[in-house]
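K.L.:
Structure, please.
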Amino acid sequence: MTYSGEAQVGGRLASVGQRLMESSTQALLKQSLESLATQINARVTGETQPGESIPVEPPSELEFAAGITLKMLEDLIPAEERRGVVLGVVGSLALLVLSILIGNWWMDKLASRVADKIDRQRSA
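P.N.:
Below is the predicted model:
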């Protein structure tokens, strides 16, 4: 099966960018073709009669957005580099959490020292 299409978009939607629009279009086409395949398989296996259709539940907004995001990442990051990117992101998040924990510990120590000094000055 082959298909093609052409669209002209302007205004705010056009400012989003070509990459997002291509990924969104591909995600919509994938969803539509998967639904069509479900209907065809039901017909071929005899699950439905001519004129009947199987109800297909559309994805939630979150599932659809996740699909578009995944498609965009697949387009932006070559397959051989994905492992390195994931490790880099996980490593960066680990360093961020560690620095927050160390910063909180250091601030607690500093606050305790200041409070002790203030208590000593008041009692002297």
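K.L.:
Against which helices or strands is the lengthiest helix in the chain packed?
P.N.:
As assigned by DSSP state H, the longest helix anywhere in the chain is helix 82-123. Counting contacts by 3 or more Cβ pairs under 8 Å, 6 or more residues apart in numbering; DSSP states H and E, helix 82-123 is packed against no other helix or strand. Bear in mind the C-beta positions are built from the backbone N, C-alpha and C, glycine included.
K.L.:
domains of the protein?
P.N.:
As given by automatic domain parsing, the domain ranges for the chain are 1-76, 79-124.
K.L.:
average pLDDT across the shortest one?
P.N.:
Here domain 79-124 scores 93 as its mean pLDDT.
K.L.:
just stretch 21-28 next, same as before
P.N.:
Mean per-residue pLDDT for stretch 21-28: 76.
K.L.:
tell me which residues in it are buried?
P.N.:
By 16 or more other Cβ atoms under 10 Å, the buried positions in stretch 21-28 come out as 23, 24, 26, 27.
K.L.:
Spatially nearest residue to the second one (excluding sequence neighbours)?
P.N.:
Right, residue 24. residue 68 (5.4 Å; Cβ to Cβ, 6 or more residues apart in numbering).
K.L.:
just the angle between the host helix or strand of that neighbour and helix 82-123, please?
P.N.:
For residue 68, the host element (DSSP states H and E) is helix 61-76. Note on geometry: by axes from the mean of the first three to the mean of the last three Cα atoms, to 10 degrees, helix 61-76 and helix 82-123 are set 110 degrees apart in direction.
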